[in-house]
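A.B. asks: Quick one, fold the following:
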Amino acid sequence: MDPGTVQPAYFMFTKEDFLTIERKGQTLNNIEAQLRFFSTGFPPLDITGPAVPGDGIVQLNAQQQEDLIKRYDQWNGSRIKFVPASGAASRMFKDIFEARALLEKDRNAVLPDQVNVFFKRLAEFAFYPRLAGLKGFYPKDRYGILSLILDREGLNFASLPKGLIPFHKYSDGPRTPFEEHLVEAALTSAQPDGTVRLHFTVSEEHLDLFNRLFDKVRKKYEELFQTRFIIGFSIQSPSTDTLAVDMDNRPFRDQDGSLVFRPAGHGALLDNLNALAEDMVIIRNIDNVVPQAALDPVIHWRKVLAGYLLSCRMKVYKYIGALKDNADPICMKEIALFLERNFGITHPPMEGEEFRSYLFSKLNRPVRVCGMVPATGEPGGGPFRVVDRDGSGSLQILEGVQLQGRRYASTHFNPVDIMCSFKAYDGTTYRLSEFRDDNTGFIPQKSYLGRELKALEMPGLWNGGMSRWNTAFVEVPLSTFNPVKTVTDLLRNVHNN
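C.D. replies: Numbers count the residues shown, from 1 in each chain. Below you'll find the model as predicted:
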């Protein structure tokens, strides 16, 4: 068999496997397509280079910022904040897990500097009062402290999602990222009727915990901000899970012989996003939050980006109307210039009706405005110019793995601060799966019960999942990006004052 081909799935699956696939809401064709990606990989992208200020990234002066804030403040449309919040806190405590393993073997083990800092400044963490109040807490028992932080008998942080970990200290008690998102939304995206809408994607096992926390704090924050919160939750559909394979690209099986499926990453949340009915959707990660006292730059730039989105969308609707009314050639050149200047869309040579159809197809898409912060070495994707398969150019957010080992002189990276609209000019909602590039994705290596496997992640929510959206990049300051990837990030000044 040619190494680039995939053995037909029905030759390697049992009757029980077919039932499992069916229960997952998938088909044999889906599974064969997944196996093909494992075998052949994803085709490389035609990358022109990074988007930079003046060439793909817009820099706005003070007057432009104020005008865009005013546009947003005067807008009466519906808006909602979308927060992917299913991420486990276990990765945040990776160093703590490793340190406990060392101490389990030797209570006097020498620990890494990062962990020594954790112990030295333990009392500064927002969760410290709860920790110190637990039975069995002894300040000099390093192994015991780590166990109380991680285990079910203590704070149980090893099993909680990041959104429910106490991050910040306040006079009336600590706040979790979930609560900080309520506060941020109340100050940036309240609707004219005083309601604030948020939607969190969570894992099924944690849904009840999020609901209980919201029930507990709802009255407090509604009274504080004189608003009413409308909160939605959804989970990633099992039908978006992908089959795992072994290192020889054969279906990976559990100890009982059953197929192993894995969640397919943020890209699998596209359907969750598409279920929202609001005119504007604000996307921000669960761990990118700051205390309320540090919110001023976040509020300012959230409104700037939202105003920029409204400005772009208004022109898109205007130009679609012109094309439907048989715009003249001069107007079509104006539209082409708008697409190039605002969304980085270039076009191959064409004219007449072919050109009109091309312009309409490019305008008639979801729109997103993405904040981009100056690069500082933080992990994350970045802004790039890409040549699409139809020969046109576009702006894309690409992850490091999509660069195929190539290095670029990038000046900015993606903090996931995205304003988007998937309302079409006629009031209908775009079907977002039609604007995804299915030939993008990731194949990370994972372990399962001590065995190595390959996983398959769907086109990422803000890279391949939005590949065919109209995209604008706007520079925002680093002060708007304060992620918590490890527990000691909470000791940074912005989180710990």
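A.B. asks: When you work out contacts or count neighbours from here on, use the C-alpha atoms and nothing else.
C.D. replies: Will do.
A.B. asks: Next, count neighbours for the closest residue to Ser258 other than its chain neighbours.
C.D. replies: Distance criterion CA to CA, 6 or more residues apart in numbering; nearest residue to Ser258, sequence neighbours excluded, is Asp17 at 7.1 Å. Neighbour count of Asp17, defined by other CA atoms under 10 Å: 15.
A.B. asks: mind checking the SS state of Asp17?
C.D. replies: Secondary structure for Asp17, judged by DSSP: H, G, I helix; E, B strand; the rest coil, is helix.
A.B. asks: wait, doesn't it sit right on Leu259?
C.D. replies: Yes: counting by CA atoms under 8 Å, Leu259 is a contact partner of Asp17 at 6.8 Å.
A.B. asks: Strands along the stretch 201-350 of the chain, start to end?
C.D. replies: Here the stretch 201-350 of the chain has its strands, by DSSP state E, counting those that start in this stretch, at 228-234, 242-243, 261-262, 280-284.
A.B. asks: can you dump the C-alpha coordinates of stretch 156-171 into PDB?
C.D. replies: Coordinates of the C-alpha atoms in stretch 156-171 are reproduced here as PDB (Å, rounded to 0.1, in the frame of the first residue of the first chain):
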ATOM      1  CA  ASN A 156      -9.000  19.900  45.000                       C
ATOM      2  CA  PHE A 157      -7.400  22.300  42.400                       C
ATOM      3  CA  ALA A 158      -6.100  19.300  40.400                       C
ATOM      4  CA  SER A 159      -9.700  18.500  39.400                       C
ATOM      5  CA  LEU A 160     -11.100  21.900  39.000                       C
ATOM      6  CA  PRO A 161     -11.300  24.100  35.800                       C
ATOM      7  CA  LYS A 162      -9.100  27.200  35.800                       C
ATOM      8  CA  GLY A 163     -12.200  29.400  35.800                       C
ATOM      9  CA  LEU A 164     -13.000  28.300  39.400                       C
ATOM     10  CA  ILE A 165      -9.600  28.800  41.000                       C
ATOM     11  CA  PRO A 166      -9.400  31.900  43.300                       C
ATOM     12  CA  PHE A 167      -7.200  34.400  41.400                       C
ATOM     13  CA  HIS A 168      -7.400  37.800  43.000                       C
ATOM     14  CA  LYS A 169      -7.800  39.200  46.500                       C
ATOM     15  CA  TYR A 170     -10.500  41.600  47.600                       C
ATOM     16  CA  SER A 171     -11.700  43.000  50.900                       C
END
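A.B. asks: Okay, now the unreliable bits of this structure?
C.D. replies: 1-11, 377-380 (pLDDT under 70).
A.B. asks: about what we covered before: is it possible to get JSON lines of the strands of the stretch 201-350 of the chain that adds distance to Asp208?
C.D. replies: Output for those, formatted as JSON lines (distance: least, CA to CA, whole Å):
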{"stretch": "strand 228-234", "distance to Asp208": "10"}
{"stretch": "strand 242-243", "distance to Asp208": "25"}
{"stretch": "strand 261-262", "distance to Asp208": "22"}
{"stretch": "strand 280-284", "distance to Asp208": "22"}
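A.B. asks: Would you mind finding the most buried of those?
C.D. replies: strand 242-243 (a mean of 24; mean count of other CA atoms under 10 Å).
A.B. asks: In terms of secondary structure, what does that strand contact?
C.D. replies: On a contact count with 3 or more CA pairs under 8 Å, 6 or more residues apart in numbering; DSSP states H and E, strand 242-243 meets helix 28-40, strand 261-262.
A.B. asks: Show which residues not belonging to that strand make contact with it.
C.D. replies: The contact list for strand 242-243, computed with CA atoms under 8 Å, 6 or more residues apart in numbering, reads 31, 34, 251-252, 259-264, 455-457.
A.B. asks: One more: stretch 149-169?
C.D. replies: 85-90, 92-93, 125-127, 130-131, 134, 147-148, 174-178, 206, 210, 286-287, 290-291, 490, 495-496.
A.B. asks: In PyMOL, how would I select just the buried ones from those residues?
C.D. replies: Listed next is the PyMOL selection for buried residues among the contacts of stretch 149-169, using 16 or more other CA atoms under 10 Å:
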select buried, resi 85+86+87+88+89+90+92+93+125+126+127+131+147+148+174+175+176+177+178+206+210+286+287+290+291+490+495+496
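A.B. asks: ok so, going back, for the strands of the stretch 201-350 of the chain, which one sits closest to Gly56?
C.D. replies: For those, the distance to Gly56 is smallest for strand 280-284, at 20.8 Å, taking CA to CA.
A.B. asks: Which neighbours in the sheet does that closest one have, and how are they oriented?
C.D. replies: Strand pairing for strand 280-284, determined by DSSP bridges: strand 79-84 (parallel), strand 417-421 (antiparallel).
A.B. asks: got those as CSV, with mean neighbour count and distance to Val401 columns?
C.D. replies: Output for the strands paired with strand 280-284, formatted as CSV (neighbours: other CA atoms under 10 Å; distance: least, CA to CA, whole Å):
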stretch, mean neighbour count, distance to Val401
strand 79-84, 23, 21
strand 417-421, 25, 21
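A.B. asks: Mind putting those strands into CSV with distance to Ile57?
C.D. replies: Listed next are the strands paired with strand 280-284 as CSV, based on distance: least, CA to CA, whole Å:
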stretch, distance to Ile57
strand 79-84, 24
strand 417-421, 14
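A.B. asks: Of the ones you listed, give the one that comes closest to Leu103.
C.D. replies: Leu103 lies closest to strand 79-84 among the strands paired with strand 280-284, at 34.3 Å (CA to CA).
A.B. asks: Show the end-to-end separation of stretch 64-83, please.
C.D. replies: End-to-end distance of stretch 64-83 (CA to CA, to the nearest Å): 28 Å.
A.B. asks: Tell me which residues are up against that stretch.
C.D. replies: Identification of contacts with stretch 64-83 by CA under 8 Å, 6+ apart yields 185, 189-192, 196-201, 273, 278-286, 300, 303-308, 310.
A.B. asks: which residues does Leu363 contact?
C.D. replies: By CA under 8 Å, 6+ apart, the residues touching Leu363 are Val316, Tyr319, Ile320, Leu339, Asn470.
A.B. asks: Look up how far Ile80 lies from Pro415.
C.D. replies: According to CA to CA, Pro415 and Ile80 sit 19 Å apart.
A.B. asks: packing partners for the helix or strand where Val474 lies?
C.D. replies: Assessed by DSSP states H and E, Val474 sits inside strand 470-475. Strand 470-475 is packed against strand 56-58, helix 329-343, strand 367-374, strand 393-398, with contacts defined by 3+ CA pairs under 8 Å, 6+ apart.
A.B. asks: Out of the ones you listed, flag the one nearest Gln26.
C.D. replies: Among these, strand 393-398 comes nearest to Gln26, with 27.9 Å by CA to CA.
A.B. asks: now the angle from the closest one to strand 470-475?
C.D. replies: 60 degrees (axes from the mean of the first three to the mean of the last three CA atoms, to 10 degrees).
A.B. asks: Strands of the stretch 351-497 of the chain, residue ranges please.
C.D. replies: Counting by DSSP E, counting those that start in this stretch, the strands of the stretch 351-497 of the chain are 367-374, 382-387, 393-398, 412-413, 417-421, 445-448, 451-454, 470-475.
A.B. asks: Just tell me which of those strands ends up closest to Tyr138.
C.D. replies: Closest approach to Tyr138 among the strands of the stretch 351-497 of the chain (CA to CA): strand 445-448, 34.5 Å.
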